[in-house]
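*Asks:* The sequence and its predicted three-dimensional model are supplied below.
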Amino acid sequence: MAGRSPARFLAPLALIAVVLAFFFVVSSSLKDSGSDSSPGQTSAQPTATPAKGKKGTKQRRQPKRYTVRSGDTPSSIADKTGVPLEEILRLNPDLDPQTLSPGQRIKLRQ
């Protein structure tokens, strides 16, 4: 049993230290990113900024069209653009969520 390397004992200790560090980082990030909602629920409320008037500030306008990307759905487009889903469906009566293809352009406003 003579001549055993101390690395034989240090490797498992290093692995345990890495796992513990990972656990602490993940648990602290979950505590920091949590809001007032319970842990199993996510908040899907977008933050809206009030529209500015004409007195020296610019009013940001939404684009008229959106180009569909891979994996997009009408509801995800509504979330990304801030346009209500009902409005997207009203402006695009022939829109079929099952046949959305990348590169397709849909109306967001008139």
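*Replies:* Alright, I've got the coordinates.
*Asks:* Near the closest residue to Arg65 other than its chain neighbours, how many other residues are there?
*Replies:* For Arg65, ignoring the flanking residues on the chain, the nearest one in space by CB to CB, 6 or more residues apart in numbering is Arg105 at 4.9 Å. Yep, even glycine has a C-beta here, placed from its N, CA and C like the rest. Per other CB atoms under 10 Å, the neighbour tally for Arg105 reads 11.
*Asks:* wait, doesn't Arg105 sit right on Lys64?
*Replies:* No. Counting by CB atoms under 8 Å, Arg105 does not reach Lys64; the two are 9.6 Å apart.
*Asks:* OK, contacts around the residue nearest to Arg65?
*Replies:* By CB atoms under 8 Å, 6 or more residues apart in numbering, Arg105 lies in contact with Arg65, Tyr66, Thr67, Val68.
*Asks:* Nearest to Ala11 among those?
*Replies:* The closest of the contacts of Arg105 to Ala11 turns out to be Val68 (CB to CB; 50.2 Å).
*Asks:* burial count for the residue nearest to Gln104 when sequence neighbours are not counted?
*Replies:* Distances taken as CB to CB, 6+ apart place Val68 nearest to Gln104, at 4.4 Å, with adjacent residues excluded. By other CB under 10 Å, 18 other residues sit near Val68.
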